[in-house]
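# Mind folding the following:
(4 chains)
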Number of protein chains: 2
Amino acid sequence: MPITSSDMPGFTLERTAKRMKQFFQQTLTAAGADITIDQWVVLQVLNQKDGLSQFHIAQATFKDAPTITRIIDLLCKKSLTQRTTDPDDRRRFRIQLTPQGRQTIAEVLPIIERAREKAWKGLDQQQMGELMGTLDMVFNNLSPEETE
Amino acid sequence: MPITSSDMPGFTLERTAKRMKQFFQQTLTAAGADITIDQWVVLQVLNQKDGLSQFHIAQATFKDAPTITRIIDLLCKKSLTQRTTDPDDRRRFRIQLTPQGRQTIAEVLPIIERAREKAWKGLDQQQMGELMGTLDMVFNNLSPEETE
DNA sequence: CAAAAATAATTGCTGTACGAACTAATTGCA
DNA sequence: TGCAATTAGTTCGTACAGCAATTATTTTTG
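Below is the predicted model:
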């Protein structure tokens, strides 16, 4: 009997997610993009709505506050984003893309889109929809309110 | 338009996997088990076949060698496993469960099984099978040989 | 048999994840 | 109004993930 963990669905899920992340990261690195996927996800969120607070970025990405602090630190160090204090609430920052940040997004987006096609190749629209539906169902099943 | 990432299936996948991991970890912590899920996965592998080398554990868990080194370090520090050098190949260690390790497994297994039921509640056998099948398909789709 | 290639494990560095403790600012309430 | 509770963000400590480089041992092969 081979040593697998077919009886551990959570393991299968994590394994696939890990390889997916790895694949996108390798694609970025190979293309010479000097960012991580986690940084990319934050850039994407800012691209959809610029000037968000770190708290809102945390919500949108499902990451926690300290993690966002560090990712924003790195993005600011690379001059892809900048922090400006929110005049309405001096505890908050507004995180804004710099021109360089926008340019990076423009350069990386097609790379990501090509990688995405490659990653999900072989799955038809229906399979894809079922997968996303089931994943979201499990996700909601495990939301903190549900699991106390 | 809310800020979501429904157009990023990889993100949905990672988000669910992360919450799953978080859920199991919280369950372990709440039950007073002084281990992480990653450590638990290694213990499980050793429970199926004791005395494996770190290399084989890495293969079985899909983790890389340095990660296994560090996890085994921690498990040995907690006296749940021990390293004995392989007389047939002095580069290798044989990783063995200690009695304490076996006892921990016995204690934690029912906790994990209860959590597993809770996590996948609401999915019937067929949905489950389709999910696992699709995940494995994507996983294989992304295996290093396929993606170069 | 000796030099070269391969292998198992380790170490170092960067980045991410989570909890806890902390600061500073804001809001709620008495 | 003034003190308590909240909230946004940071920092710290521990653990996992990946890559690169290193050591020690084994296997190849010339």
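
# Is residue A:84 part of a helix or strand, or is it coil?
Here residue A:84 is recorded as strand under DSSP: H, G, I helix; E, B strand; the rest coil.

# give me every residue that touches it.
With contact set as Cβ atoms under 8 Å, 6 or more residues apart in numbering or on different chains, residue A:84 has these partners: A:93-94, A:96. Every residue, glycine included, has its C-beta placed from N, CA and C.

# Give me the neighbour count for residue A:98.
By other Cβ atoms under 10 Å in any protein chain shown, 15 other residues sit near residue A:98.

# May I ask you to confirm that residue A:86 is in contact with residue A:96?
No. With contact defined as Cβ atoms under 8 Å, residue A:86 does not count as touching residue A:96 (11.2 Å).

# what do these two both touch?
Applying Cβ under 8 Å, 6+ apart, one finds that no residue jointly contacts residue A:86 and residue A:96.

# Counting neighbours, what do you get for residue A:43?
21.

# Pick out the residue closest to the middle of chain A.
Geometric centre of chain A, nearest residue: residue A:41, 3.4 Å, by Cα atoms, centre = their mean.

# In strands, which of the contacts of residue A:84 fall?
A:93-94, A:96 (DSSP state E).

# For the one helix or strand residue A:103 maps to, what is the distance to the chain centroid?
Per DSSP states H and E: residue A:103 is located in helix A:99-119. Helix A:99-119 sits 13 Å away from the centroid of its parent chain (Cα atoms, centre = their mean, to the nearest Å).

# Does chain B have contacts with it?
Yes. Helix A:99-119 reaches chain B (Cβ under 8 Å from any Cβ of the partner chain) through A:116, A:118-119.

# What subset of the residues you listed is buried?
The neighbour count (16 or more other Cβ atoms under 10 Å in any protein chain shown) marks A:116, A:119 as buried among the residues of helix A:99-119 next to chain B.

# Tabulate the residues of helix A:99-119 next to chain B in a markdown table, adding columns for pLDDT.
Shown next, in a markdown table, are the residues of helix A:99-119 next to chain B (pLDDT from 0 to 100):
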| residue | pLDDT |
| --- | --- |
| A:116 | 92 |
| A:118 | 89 |
| A:119 | 90 |
